[in-house]
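**Student:** Give me coordinates for this.
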Amino acid sequence: MVEELTALERINTVLDGDVPDRVPTLCLGSDFKFMDLFMRSPYALTEEDLNFFDKAGLSPRFLHTQYLLAKFSPPSIYPNGLDAKVDLCWEIVDGIQPKKGEDPDTLLTANGQIFKFIINDEGTPSYWYTGPALNSKEKIKECWEHPEDFKVDKNRFKVLSKNRKKMKKFDIVVAQGFGGPFENCILGIGLSTFAKLARKEPEIIKKHLDFMWENYQKKNMKYLLRTKPDIVMIGNDIGYNDGLQLPLKQWQGFFKPILRRYVNMIHDAEIKVILHCCGAIEELFPDFIELKIDGVESLQPTINNLDRYKKKYPEITLLGTIDDTGLLVNGTPEEVRCDIQNKIKTLGKNGGYIPGPTNWLLDQKPENVVALYKAIIEFGAY
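**Tutor:** Numbering: from 1, shown residues only. Reported below is the predicted structural model:
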């Protein structure tokens, strides 16, 4: 067994189906709410931390809090770290700058998503998706008439490449990527518009998916791959708590062919691909196998049979799996520790497992999150 692998070596070993020196760790990132909770906890970043991370070129960037991830470092990497470890995180990129929306404090993405800035009751800011802008057949067709709106700014990808190098100082791998074909379409046109057109005028959906791929997603992917990312993670939330958001045949007919293009481009560049996919998604695993997706992330344990996934689909690495809405919010550090011990014992056997919270850190207890990463190191050795 090889010891003391780098985070990238460790992650690629797992994604290759082999056994590394220990179980890797995952943290997608955090929102302002969690940072506010963290800074009110005993683990808060000190003035010394802030100065050190600032000199290291890190940035407390929105939704991808580099200072927080580096704070978990063992003393061998950062002397004032929490003696834990984050190996893998996620940074979402869009090569096209959002435009100002029609309503105040809103932004509009190229594919039709409306986002709004809000201030929560406790004073922390948030940035949330609020709905689709291309919510009619007419608006979708109007979008097709303006391919010039999809001009990618390659400088945005250069910044990402620099960020990856800065995080490597703390042995943290940044998986970069963007929305997959389902999110790219549905969040722009809305589920109701999709459902209506999928039944009555499916050719419009197919044309829109092809248009978005050729003018938007493929261009983003080309620029991202030119920066030679270590890992690519694609967001594609297809599931509800009790199943898929659409019939399986519609997923297979409309979205699977486009996702295949994503995966093929990434694999052609000799890079691993991870799919972030929330919800109860067992129906999709045979398709994931066929598409040769390397890992699937989120996998909320309360709505997915993780033991069955591990036994039935050993080709796919399981990521996430630690309940971020129940256990990490309402549990105790000892309950978190016991859950990690059990998960590693059942899911981490023979590799194929990268545990972490099933989504962004939002309102979880900081002491539970610290306990999570310490426990992975404690119980993760093979």
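**Student:** Could you report the separation of L246 from E4?
**Tutor:** 45 Å (Cβ to Cβ, to the nearest Å). Glycine gets a C-beta too; all of them are placed from N, C-alpha and C.
**Student:** out of these two, which sits in the busier spot?
**Tutor:** L246 (18 against 9; other Cβ atoms under 10 Å).
**Student:** Tell me who's in contact with W90.
**Tutor:** By Cβ atoms under 8 Å, 6 or more residues apart in numbering, the residues touching W90 are 28-29, 64, 174-177, 233, 276.
**Student:** what's the closest non-adjacent residue to it?
**Tutor:** Nearest residue to W90, sequence neighbours excluded (Cβ to Cβ, 6 or more residues apart in numbering): L28, at 4.5 Å.
**Student:** Return the subset of the contacts of W90 lying in strands.
**Tutor:** Residues from these lying in strands, with DSSP state E as the criterion: 64, 174-177, 233, 276.
**Student:** I'd like those residues as TSV, with pLDDT, distance to F194 and neighbour count appended.
**Tutor:** Formatted as TSV, the ones in strands among the contacts of W90 follow (pLDDT from 0 to 100; distance: Cβ to Cβ, whole Å; neighbours: other Cβ atoms under 10 Å):
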residue	pLDDT	distance to F194	neighbour count
H64	67	29	21
V174	96	32	24
A175	96	28	27
Q176	94	27	22
G177	93	22	25
M233	98	24	27
H276	98	20	26
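**Student:** rewinding a little: hang on, the residue nearest to W90 packs against I354?
**Tutor:** No - counting by Cβ atoms under 8 Å, L28 sits too far from I354 to count as a contact (11.5 Å).
**Student:** helices and strands around the lowest-mean-pLDDT helix or strand in the chain, which ones?
**Tutor:** Within the chain, no helix or strand scores below strand 60-61, which has a mean of 74 by mean pLDDT, DSSP states H and E. Using 3 or more Cβ pairs under 8 Å, 6 or more residues apart in numbering; DSSP states H and E, the elements in contact with strand 60-61 are helix 66-71.
**Student:** Convert the C-alpha atoms of the helix or strand following the helix it packs on to PDB, please.
**Tutor:** Following helix 66-71 in sequence order, the next helix or strand is strand 88-92 (DSSP states H and E). Taking C-alpha atoms only, strand 88-92 is exported to PDB below (Å, rounded to 0.1, in the frame of the first residue of the first chain):
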ATOM      1  CA  LEU A  88     -11.800  17.700  -2.300                       C
ATOM      2  CA  CYS A  89     -14.100  20.700  -2.900                       C
ATOM      3  CA  TRP A  90     -16.100  22.100  -5.700                       C
ATOM      4  CA  GLU A  91     -16.100  25.400  -7.500                       C
ATOM      5  CA  ILE A  92     -18.900  26.200 -10.000                       C
END
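**Student:** Contacts for whichever helix or strand comes after strand 88-92, please.
**Tutor:** The C-terminal neighbour of strand 88-92 among helices and strands, as given by DSSP H and E, is strand 99-100. Residues outside strand 99-100 that contact it (Cβ under 8 Å, 6+ apart) are 106-108.
**Student:** I'd like to know which of those residues are buried.
**Tutor:** Of the members of the contacts of strand 99-100, the ones counted as buried by neighbours, 16 or more other Cβ atoms under 10 Å, are 106, 108.
**Student:** Point out where the chain drops to low pLDDT.
**Tutor:** Applying pLDDT under 70 to the chain flags residues 1-3, 62-64.
**Student:** in it, what residue sits furthest out from the centroid?
**Tutor:** When distances are taken from the C-alpha mean of the chain, K200 lies farthest, 33.3 Å away, according to Cα atoms, centre = their mean.
**Student:** gap between that residue and F254?
**Tutor:** With Cβ to Cβ as the criterion, K200 and F254 are 14 Å apart.
**Student:** go on, K218?
**Tutor:** On the measure of Cβ to Cβ, K218 and F254 end up 17 Å apart.
**Student:** which residues does N80 contact?
**Tutor:** Counting by Cβ under 8 Å, 6+ apart, N80 touches 46, 48-49, 52.
**Student:** Now neighbour count and distance to I303 too, for these, in a markdown table please.
**Tutor:** Output for the contacts of N80, formatted as a markdown table (neighbours: other Cβ atoms under 10 Å; distance: Cβ to Cβ, whole Å):
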| residue | neighbour count | distance to I303 |
| --- | --- | --- |
| T46 | 11 | 39 |
| E48 | 10 | 42 |
| D49 | 16 | 37 |
| F52 | 18 | 40 |
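**Student:** between those, which is closest to I322?
**Tutor:** I322 has its nearest neighbour among the contacts of N80 in D49, at 25.1 Å by Cβ to Cβ.
**Student:** Spell out which helix or strand contains the closest one, please.
**Tutor:** helix 47-55.
**Student:** Only the C-alpha atoms, please, for that helix, written as PDB.
**Tutor:** Output in PDB follows, covering the C-alpha atoms of helix 47-55 (Å, rounded to 0.1, in the frame of the first residue of the first chain):
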ATOM      1  CA  GLU A  47      -6.500  37.300  13.000                       C
ATOM      2  CA  GLU A  48      -3.400  35.200  12.600                       C
ATOM      3  CA  ASP A  49      -5.300  32.800  10.300                       C
ATOM      4  CA  LEU A  50      -6.600  35.600   8.200                       C
ATOM      5  CA  ASN A  51      -3.200  37.100   7.700                       C
ATOM      6  CA  PHE A  52      -1.600  33.700   6.900                       C
ATOM      7  CA  PHE A  53      -4.300  32.800   4.300                       C
ATOM      8  CA  ASP A  54      -4.200  36.300   2.800                       C
ATOM      9  CA  LYS A  55      -0.500  36.000   2.300                       C
END
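**Student:** F379: neighbouring residues, count only.
**Tutor:** F379, neighbours per other Cβ under 10 Å, totals 19.
**Student:** swap that for D153, sorry
**Tutor:** 13.
**Student:** now do T130
**Tutor:** Around T130 there are 12 other residues, counting by other Cβ under 10 Å.
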